[in-house]
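Novice: Could you work out the structure for the sequence below:
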Amino acid sequence: MNESELIQVINAMEANSIGKDDTFIADNQQYFNYYMGEPFGDEKKNRSQVVSTDVADVVESDMPSLVRTFLGSGQILEFNPKSENPDDIKEAEEKNKYIPYILKNLPNSFKKQHDWLKAIEIYKVGVLEYGINDAKTVEKRKWKRIDADEMTAYIDEFENDEDIKEYKIISQDSTKEGDVELFDLEVSLIREKREFFIENIPVEDLILSQGAQTKEDADIVGKRWTKTRGELVEDGFDVDLVKSLTKSKHSDNTQLKDDRLSGQGGNSEASSASQMSGDAEVHWTMELVSGIDVYVKADFDEDGYRERRHVIKSGSTILLNEDFNHVPYCIASSIMMPHTLVGRSRAEITCPYQRKNSVLERSLLDNTYMVGSGRNIISNKVNMDDMLSVRQNGIVRFNGDDPVTNHVLPLVTPYVGDKTLQVLQYCDSRRAQTTGSLMANQGLSADDIHKETATRFNGVESAAAAKVELLTRVIASAYSDLYSGLIWFASHYQDSEQEIYVLGQTLTTNPSRWKYEHYIEPEVGIGAGDDQQMLQNHSALLSIQEQLQARGSALVDEKKIFNQIKKISSLMGVKDVSKVINDPERPQQLLMSENEQLKAALAQAQQIIQASANPLAEVENIKSQKELMIKQQQMINDNQQFIAELEEKRRQFDIKAAADMEKHDDKTAVDLTKLELDNNKDVPGSLV
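Specialist: Down below sits the predicted model:
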C-alpha cells in the first residue's frame with residue numbers, strides 16, 4: 001500500500017466517524033448550552049425568559065465527589081501481582097508508587113483531569129490523550145561581572161547537561177578591574193527533555209469509528225488539530241515540508257468551540273485561522289494549518305493482517321506514518337451503554353427536566369406578574385387617561401351619577417403559584433430519582449416533616465449515593481486505561497533508571513525492565529460508601545487488629561497494623577504517612593523511635609538512682625528492684641531454655657552430618673576401588 005492509498009483509507013474511515021455525525025455534534029452542543037443556562041430560542045417578548053439550572057446543579061453537585069475521589073490524596077487503583085514471585089511483587093509495588101507520582105506531577109495535571117471529569121459529566125464522551133514527547137524549550141540566560149573560572153564552569157555545565165541539546169553564546173563582553181578580568185555573558189540554551197503529558201481532546205475534535213465497543217476494536221481513533229507552522233516545526237517536522245502545507249481556511253464543528261468561547265469574547269480556531277489566513281500579511285510561522293492525528297488499522301505492508309498505525313496528515317500530505325500498537329486515549333462516558341463505547345452523560349438525562357422546570361418557572365413568574373399588575377374593565381364614563389396613568393395616590397375622574405363600581409370592574413387573574421410549586425416539586429423529585437441528586441427534605445411540607453423517619457432519609461441518601469458511586473466506578477475503569485497506558489509508554493520509552501522521592505522515601509526503578517502483567521484493581525466506587533463511612537469501617541478493623549495483637553494472636557503483626565493506619569491516614573487526607581507513623585519494614589524510620597526508647601530507659605534508671613538516695617523512697621526502690629530481679633530471672637530462665645534448645649538442635653545436626661560424611665566416604669572408597677580395578681592401577685583411598 002502506498003501513501004496515496006493509505007490516505008484514501010483514512011479519509012473513508014474519517015467520513016464514517018462520529019465526528020462527522022451532525023446529530024452527535026448537535027446533541028453535545030445542546031448539553032453544553034443547557035449547562036450554561038442559555039435560552040432555548042422560543043422565548044416570547046415581554047414574557048418571562050428564565051432558564052432553570054438543573055444540568056449545572058447536577059454536574060456541579062457531582063464534581064466535588066469526583067475531585068475528592070480522583071484528585072485527592074487517596075489511591076485510585078492498585079496493581080496486584082499474579083504470582084508470589086518476589087520480582088513480580090516488587091514490580092507491582094514500584095508501579096503503585098511510580099505511576100501516581102507521574103500523573104500528579106505533570107504540568108497542569110489538576111486542571112486537565114478536572115476538565116476531563118467535567119467533560120464526562122456534560123458530553124456524551126470525555127476524551128483524554130496521554131503519552132511521552134520530547135519537549136523543546138529555548139531559554140536565554142545572562143550573567144554579569146563573573147570571572148573566567150565561573151564562566152568556564154557554566155560552559156562546562158552546558159556541555160555536560162544531557163537536557164541541553166545546543167547552546168549558543170550570544171554576547172561575551174569583558175572588563176578589567178585591576179588584575180581581574182570580569183565578563184558579561186549571555187547564552188541561548190535549547191533544552192530537550194522527554195516527559196509525560198496528558199491533554200484534553202474537545203469532543204468535537206474526536207475521530208472515532210461509529211459502533212466501536214472499545215478503543216482497541218475501533219478502526220480509527222484520533223483527533224483533529226489546528227496548529228501554526230512554527231508549532232509543527234517545534235514538533236520536529238521538516239521546515240520545507242511544513243512550508244508546503246496548505247493554509248487552514250476553515251475547520252469542522254466550529255459552533256461548539258464558539259459557544260465555549262462566547263463568554264470570553266474570543267473566536268474559535270476556525271475563525272482565527274480564517275482571519276490569519278486572509279489578506280493580512282503574517283510571518284509564515286504564524287500561519288495556521290489543519291490536519292488529523294489518528295491511529296488506524298490498515299494492512300499497509302499487505303501481509304493480510306491489519307496492524308495499528310500512527311498517521312499524522314494535513315490535507316493530502318502525510319507528516320508521520322509509523323507502526324504503533326497502542327491507542328493513547330482514555331475515552332469514557334458517565335453512563336455506559338451496551339455494545340458501544342459512546343454512552344450517555346449526566347447532562348443528557350437531566351436536560352428534559354431543565355426544559356420542564358424552565359416552562360413551569362416561567363409560567364409561575366408570568367402569573368405573579370399578571371396578578372400584581374391586574375387589568376380593569378371600564379365604561380366610557382371613566383377617564384381613560386387617568387386609568388392608564390399609573391402613579392402613587394393618582395386620581396381617576398368619573399362622570400357618572402350611579403356608583404362607580406358599576407363602571408369599573410377588576411379583571412381577576414387567578415393565582416396558580418401554589419399549584420405550580422407542587423408540580424415543580426414533583427418534577428424535582430423525578431429528576432432526583434433519575435440522577436441521584438437529591439435534597440433530603442425536597443418536596444416535603446412543614447406538616448409532613450415530623451412524620452419522616454431517619455431510616456427513610458438514610459435510605460434516600462444511600463440510593464442517591466449509589467448512583468454517584470457507580471459513576472466513580474465507571475470513571476475508575478477509564479483511569480485504569482490511563483494507568484496501564486502510562487506503564488506502556490514508560491516501559492517502551494524510558495530505558496534508564498528513574499529516581500523519584502515519594503511517600504517519604506527515594507524510589508529507584510527502571511521501567512524498561514518491567515516484564516510482568518498485573519491485575520489493576522480499583523480502590524474507588526466499590527460499594528464501601530463515602531470516605532466518612534470507610535473511615536469508620538477501617539477504624540473498627542484497626543480496633544479488632546489491636547485486640548488480636550494484645551492476645552498474642554498470629555493473625556496480625558506490626559506491618560498489618562501499619563497498613564491499616566496508612567489507609568486511615570489516606571482517608572483523612574494525609575498524603576505522606578511517614579510523617580505521622582513509622583513503617584516497620586524500613587529500619588531507618590525506627591532508629592529515632594528506638595533512640596527515644598533508650599533515652600526513656602536511661603531517664604528511668606537515673607530516677608531510680610536518685611530515689612535510692614532518698615530514705616522515703618527506699619521502700620519503693622526495693623520493691624522496684626525486686627520486680628526487676630524477678631523479670632531478670634525470668635529472662636535468664638527463658639534464655640537458658642532457648643540455649644538448651646539450640647544446643648540440642650546443634651547436637652542432632654552434628655550427628656546427622658557425621659553420618660552423612662561417613663556415608664559419603666564409604667561411597668567414595670567404593671568408587672575409587674572400582675576405578676582401580678577397571679584401570680589395573682593403584683588408586684589411593686581404595687579398599688584394596
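
Novice: so what's the residue of the chain most remote from its centre up against?
Specialist: The outermost residue of the chain, judged against the average C-alpha position, is Asp401 (82.7 Å), by CA atoms, centre = their mean. Applying CB atoms under 8 Å, 6 or more residues apart in numbering to Asp401 gives no contacts. Any C-beta I mention is one placed from the backbone N, CA and C, and that applies to glycine too.

Novice: helix or strand for it, which one?
Specialist: Under the criterion DSSP states H and E, no helix or strand holds Asp401.

Novice: what kind of secondary structure is Phe79 in?
Specialist: strand (DSSP: H, G, I helix; E, B strand; the rest coil).

Novice: just checking, it touches Tyr519?
Specialist: Yes: between Phe79 and Tyr519 there is a contact under CB atoms under 8 Å: 7.2 Å.

Novice: So which of these two has more stuff around it?
Specialist: Neighbours were counted for Phe79 and for Tyr519 using other CB atoms under 10 Å; Phe79 has more, 22 against 10.

Novice: how near is that one to Leu189?
Specialist: Here Phe79 is placed at a distance of 38 Å from Leu189 (CB to CB, to the nearest Å).

Novice: Ser429 too?
Specialist: Distance of Ser429 to Leu189, computed by CB to CB: 63 Å.

Novice: ok, and what's touching stretch 1-13?
Specialist: 209, 219-220, 292, 294, 296, 298-302, 309, 311, 313, 316, 318, 321.

Novice: Just the buried residues out of the residues you listed, in ChimeraX syntax.
Specialist: Per 16 or more other CB atoms under 10 Å, the buried members of those correspond to this ChimeraX selection:
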select :209,219,220,292,294,296,298,300,309,311,313,318,321
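
Novice: Mind jotting down where the strands sit in the stretch 301-450 of the chain?
Specialist: Listed in chain order, the strands of the stretch 301-450 of the chain (DSSP state E, counting those that start in this stretch) span 307-314, 317-323, 329-332, 375-378, 408-411.

Novice: Just name the most buried of those.
Specialist: Comparing these by mean neighbour count (mean count of other CB atoms under 10 Å), strand 329-332 ranks first with a mean of 24.

Novice: Counting by contacts, list what it packs against.
Specialist: strand 126-146, helix 454-493 (3 or more CB pairs under 8 Å, 6 or more residues apart in numbering; DSSP states H and E).

Novice: Counting neighbours, which bits of the helix or strand just after the first one end up buried?
Specialist: In this case it means strand 126-146. Downstream of strand 126-146, the first helix or strand assigned by DSSP H and E is helix 148-160. For helix 148-160, burial by neighbour count (16+ other CB under 10 Å) applies to Met151, Tyr154.

Novice: orientation of helix 148-160 relative to strand 126-146 in degrees?
Specialist: Interaxial angle of helix 148-160 relative to strand 126-146 (axes from the mean of the first three to the mean of the last three CA atoms, to 10 degrees): 160 degrees.

Novice: contacting residues around helix 148-160?
Specialist: Trp143, Ile146, Ile164, Tyr167, Glu181, Phe183, Leu185, Val187, Leu189.

Novice: by how many degrees do the helix or strand following it and strand 126-146 diverge?
Specialist: Next in sequence after helix 148-160, counting helices and strands by DSSP H and E, comes strand 164-177. Angle of strand 164-177 versus strand 126-146, following the same axes, to 10 degrees, is 20 degrees.

Novice: Now strand 164-177 - C-alpha only, CSV.
Specialist: Output of strand 164-177 as CSV, limited to C-alpha atoms (Å, rounded to 0.1, in the frame of the first residue of the first chain):
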residue,chain,number,x,y,z
ILE,A,164,20.7,20.8,26.9
LYS,A,165,21.0,19.8,23.2
GLU,A,166,22.6,23.0,22.0
TYR,A,167,23.9,26.3,23.4
LYS,A,168,25.0,29.4,21.7
ILE,A,169,26.9,32.4,23.2
ILE,A,170,25.1,35.5,22.2
SER,A,171,27.4,38.0,23.7
GLN,A,172,30.6,38.0,25.8
ASP,A,173,31.9,41.3,27.0
SER,A,174,34.9,41.7,29.3
THR,A,175,36.1,44.5,31.6
LYS,A,176,39.1,44.7,33.8
GLU,A,177,39.1,45.7,37.5
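
Novice: which residues touch that strand?
Specialist: By CB under 8 Å, 6+ apart, strand 164-177 touches 136, 140, 145, 155, 158-159, 181-192.

Novice: Tell me the strands beside that strand, with direction?
Specialist: strand 180-201 (antiparallel) (DSSP bridges).

Novice: Please name the strands paired to the helix or strand following the partner strand in the sheet, noting orientation.
Specialist: Downstream of strand 180-201, the next assigned helix or strand under DSSP H and E is strand 206-208. Here strand 206-208 has these sheet partners by DSSP bridges: strand 220-228 (antiparallel).

Novice: looking only at pLDDT, what's the mean for the strand it pairs with?
Specialist: For strand 220-228, mean pLDDT rounds to 93.

Novice: ok, and what's touching it?
Specialist: 10, 13-14, 17, 19, 127, 129, 201, 205-209, 212, 215, 235, 248, 251-252, 269-270, 273, 285-297, 327, 329, 331.

Novice: How about stretch 37-47?
Specialist: Contacts for stretch 37-47 (CB under 8 Å, 6+ apart): Gln49, Val51, Ser52, Thr53, Ala56, Asp259, Arg355, Ser358, Arg362, Asp366.

Novice: Could you tell me the end-to-end distance of it?
Specialist: 17 Å (CA to CA, to the nearest Å).

Novice: Does Ile331 touch Ala212 like I think?
Specialist: No: if you go by CB under 8 Å, Ile331 and Ala212 don't touch, sitting 9.0 Å apart.

Novice: Find residues that contact each of those two.
Specialist: With CB under 8 Å, 6+ apart as the test, Ile331 and Ala212 both reach Val221, Leu341.

Novice: just to revisit the earlier point, list only buried entries from the contacts of strand 220-228.
Specialist: If you count burial by 16+ other CB under 10 Å, the buried members of these come out as 10, 13-14, 17, 19, 127, 129, 201, 205-209, 212, 215, 235, 248, 251, 269-270, 273, 287-297, 327, 329, 331.

Novice: which residues sit in contact with Asn16?
Specialist: Per CB under 8 Å, 6+ apart, neighbours of Asn16: Ser209, Gln210.

Novice: For Arg430, see how far away it is.
Specialist: Look at Asn16 and Arg430: by CB to CB, they are 38 Å apart.

Novice: cool, Ala332 as well?
Specialist: Taking CB to CB as the measure, Ala332 falls 27 Å from Arg430.
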